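Trainee: Sequence and predicted structure below; questions after.
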Amino acid sequence: MVYWIDYAFSKSDNGRASSYIWRVPTILQCIFLIPMIFIIWVIPETPRWLAARDRNEEALEVLTRLNKGKMSQEEIQSIHTDIVRTVAIEKSIGAGSWSDLLKSDSIQSRRRFLIACAIQAFQQLGGINALVYYSGTLFQKSLGFDANLSGLMSGFLNTWFFLASFIPWFLIDRVGRRPLLLSMISLMAAVMAVQTGLVYQTQNKTSIARKF
C-alpha cells in the first residue's frame, strides 16, 4: 500500500519535485501507528509467557482462542500440558547464560545458533534491502526503464513480496520447515543466477535480438 501511495503522489507532482510527495506519505503512516499504541494493550500475552508466571488457566484460555475451530479441546489441552511441563523443567534447571548458546550439548545449541545467524546473514547478503529500498533506481539505472515504469515495477515487486509472505502460512506445517527452507533457497539461487545473466545481457546489449 505504501509504495502505491508513493507512486500516486509522485505522479500527481508532475515533475515539480515538491516536498509534499514525501512529507504526506510519511505522515500517513501515523494512521496505522496511532491505533497500534492502544491495540497493543488489549492483545493477550503468549501462552508460554503466562505459563512461566504460573498463570496456567489464562494460558489455556489464550490457546483455546487461537485454535478454536482448528483443534479439538483434547489437542489444545495436550499442547497446554506440554507448555506447562516444559516451563517447569526449565525452571528446575535454572537460568542459563549467553555462553550456553555456543555449547555443543545434547540439544545442539551451538549448531542451532549458528544456523539461525547464518540464515539472517545470508538473507542480507542476498541484497534484499538494496532491492527493496532502491528498486526504482535499480530499474532505471540497470534495466533502462523510465521513471513511470520503474515506479510501477517497484509497486508490483513489493506487492508480490506482501502476497508471497502468506505462502509459508499454508505450507510450513504441511511440508515442514527444513524441506521448505532448502527448496526455496535452491529456487532463489536459480532465479538470481538467471536474473544476473539477463541484467548482464541488457546492460551490455549482447542479446541476439539486438544484433538484428
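Mentor: Arrived safely, thanks for sending.
Trainee: For residue 76, which residues are in contact?
Mentor: The neighbourhood of residue 76, defined by Cβ atoms under 8 Å, 6 or more residues apart in numbering, consists of 60, 63-64, 67. The way it works is simple: take the backbone N, C-alpha and C, and place the C-beta from them, glycine included.
Trainee: hmm, I was thinking of residue 158
Mentor: In this structure, residue 158 makes contact with 2-3, 132, 135, judged by Cβ under 8 Å, 6+ apart.
Trainee: Residue 199 too?
Mentor: Counting by Cβ under 8 Å, 6+ apart, residue 199 has contacts 142-143.
Trainee: same check, this time on the one 4 residues further on
Mentor: Applying Cβ under 8 Å, 6+ apart, we find residue 203 in contact with residue 142.
Trainee: Name only those of the contacts of residue 76 that count as buried.
Mentor: Burial by neighbour count, 16 or more other Cβ atoms under 10 Å: within the contacts of residue 76 this picks out 60, 63.
Trainee: Tabulate the contacts of residue 76 (a markdown table), appending secondary structure, distance to residue 21 and pLDDT.
Mentor: A markdown table is the format used below for those (DSSP: H, G, I helix; E, B strand; the rest coil; distance: Cβ to Cβ, whole Å; pLDDT from 0 to 100):
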| residue | secondary structure | distance to residue 21 | pLDDT |
| --- | --- | --- | --- |
| 60 | helix | 51 | 94 |
| 63 | helix | 47 | 93 |
| 64 | helix | 48 | 93 |
| 67 | helix | 45 | 88 |
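Trainee: For residue 135, give me its contacts.
Mentor: If you count contacts by Cβ under 8 Å, 6+ apart, residue 135 has them with 150, 153-154, 157-158.
Trainee: Considering the residues you listed, which possesses the most neighbours?
Mentor: residue 154 (24 neighbours; other Cβ atoms under 10 Å).
Trainee: That one is in what secondary structure piece?
Mentor: Assessed by DSSP states H and E, residue 154 sits inside helix 147-164.
Trainee: and the helix or strand of the chain with the lowest mean pLDDT, which residues are buried?
Mentor: When the helices and strands of the chain are scored by mean pLDDT, DSSP states H and E, helix 2-12 comes last with a mean of 77. When neighbours are counted by 16+ other Cβ under 10 Å, the buried residues of helix 2-12 are found to be 3, 6-7, 9-10.
Trainee: could those be laid out in a markdown table, adding distance to residue 72?
Mentor: Converted to a markdown table, these look like this (distance: Cβ to Cβ, whole Å):
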| residue | distance to residue 72 |
| --- | --- |
| 3 | 43 |
| 6 | 47 |
| 7 | 48 |
| 9 | 51 |
| 10 | 52 |
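Trainee: So which of the residues you listed is the closest to residue 115?
Mentor: Closest approach between the buried residues of helix 2-12 and residue 115, by Cβ to Cβ: residue 3, at 32.4 Å.
Trainee: contacting residues around that closest one?
Mentor: Contact partners of residue 3, counting by Cβ under 8 Å, 6+ apart, are 154-155, 158-159.
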